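# Need coordinates for the below:
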Amino acid sequence: METPERARLPILFGANVDPTADDPRWPLELTRAVEEAGLDLIGIQDHPYNAGFLETWTLIAALAQATQRVRFFPNVANLPLRPPLMLAKAAATLDLLSGGRIELGLGTGAFAEGIVAMGGPRRNAGEAVAALEEAVQLIRRFWSGESSLRFEGRYYSARGTRPGPRPAHAIGIWLGAYRPRMLRLTGRLADGWIPSSTYAPPEQLPAMQRQIDAAAQQAGRSPQAIRRIYNVMGLITAGGSGWERGVFRGGVRDWIAELTRLVREVGLDTFIYWPAEDRLRQIQRFAAEVVPGVRAALGAP
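Numbering: from 1, shown residues only. Next comes the predicted model:
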């Protein structure tokens, strides 16, 4: 059964590019391959406390200047280590420099010990969600063109700061969310939702979607305006190997059937591929075989 209330956003496809520091040329090589393959998006995870990772925003800046078309987003930005007004300015700056190719994935921060080790705050679950809600409000106001921004929250404040520059396009704020309070926040305030298949397998998505939709409707928003981005971890195998839905492992036809089902029956509209191995060739195969097959099955351009 299709979900027409969430079927109007364009279907997008992208890939993960890890910010690996052991060979700094590799993220650039993979990014160029993603652009050449015609995918829409590149997501880059943000874990600043990982000594083996490059800094995500600096990497996005470099990769954006080396490409012409593909769009970028942090998947997702670690809010406790990134003050929201500086995050808003960084995103707007990169959006201008890239010609409108930046979106903002945002989260509460996954690894408390790493955050605290880098001087960030230790927050419990309720505090983390409340801080994220304040941050979303501040970031939107910074991009709005207000001449002077004043805000007094429990976690963040602005005392007459002068926002600017404005981004080149309306940057989407996409939240990484799993628990009910975060899902409701997504429905009330966000432009997109980013779950990952390893934390939210397909069978859990419908119930989570309903929570987002209900919160959006209660806030007077249209659920169809919220993009649904799914980080899909798995592997495209040789044909006839069988489909393992829980780990997204199977042949091209299996991938086409499952992603098509997730659009029609679950209401997803964006897929970010995270290959389990052989990343360059897997992403090329995803773009060349899976993506056209899904678009054809959906009748999408």
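# Can you tell me, leaving aside adjacent residues, what's nearest to N50?
Once flanking residues are discounted, N50 sits nearest to G114: 7.4 Å by C-beta to C-beta, 6 or more residues apart in numbering. Glycine gets a C-beta too; all of them are placed from N, C-alpha and C.
# Where does the one you found sit: helix, strand or coil?
Recorded secondary structure, G114: helix (DSSP: H, G, I helix; E, B strand; the rest coil).
# doesn't A51 make contact with it?
No. Judged on C-beta atoms under 8 Å, G114 makes no contact with A51 at a distance of 10.2 Å.
# Setting aside sequence neighbours, what's the nearest residue to L97?
Once flanking residues are discounted, L97 sits nearest to A64: 6.7 Å by C-beta to C-beta, 6+ apart.
# wouldn't that neighbour be in contact with F73 here?
No. Using C-beta under 8 Å as the test, A64 is too far from F73 to be in contact (11.0 Å).
# More neighbours: which of those two?
A side-by-side neighbour count of A64 and F73, using other C-beta atoms under 10 Å, places F73 first with 27 against 21.
# list the helices and strands the helix or strand hosting the more buried one packs on?
In the assignment (DSSP states H and E), F73 maps to strand 71-74. Contacts defined by 3 or more C-beta pairs under 8 Å, 6 or more residues apart in numbering; DSSP states H and E place strand 71-74 against strand 41-44, helix 56-65, strand 104-107.
# Distance from the lowest-mean-pLDDT helix or strand in the chain to the middle of the chain?
Counting by mean pLDDT, DSSP states H and E, the chain has its least confident helix or strand at strand 249-250, which shows a mean of 93. How far strand 249-250 lies from its chain's middle: 23 Å, per C-alpha atoms, centre = their mean, to the nearest Å.
# Packing partners of that strand?
The helices and strands touching strand 249-250, judged by 3+ C-beta pairs under 8 Å, 6+ apart, are strand 227-236.
# ok, N16 - contacts?
Neighbour list for N16: 42-45, 75, 231, 272-275 [criterion: C-beta atoms under 8 Å, 6 or more residues apart in numbering].
# now the residues you listed as JSON lines including distance to R141 and neighbour count?
Shown next, in JSON lines, are the contacts of N16 (distance: C-beta to C-beta, whole Å; neighbours: other C-beta atoms under 10 Å):
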{"residue": "I42", "distance to R141": "28", "neighbour count": "25"}
{"residue": "G43", "distance to R141": "26", "neighbour count": "25"}
{"residue": "I44", "distance to R141": "26", "neighbour count": "24"}
{"residue": "Q45", "distance to R141": "27", "neighbour count": "20"}
{"residue": "N75", "distance to R141": "24", "neighbour count": "26"}
{"residue": "N231", "distance to R141": "29", "neighbour count": "24"}
{"residue": "I272", "distance to R141": "28", "neighbour count": "25"}
{"residue": "Y273", "distance to R141": "34", "neighbour count": "29"}
{"residue": "W274", "distance to R141": "33", "neighbour count": "23"}
{"residue": "P275", "distance to R141": "39", "neighbour count": "19"}
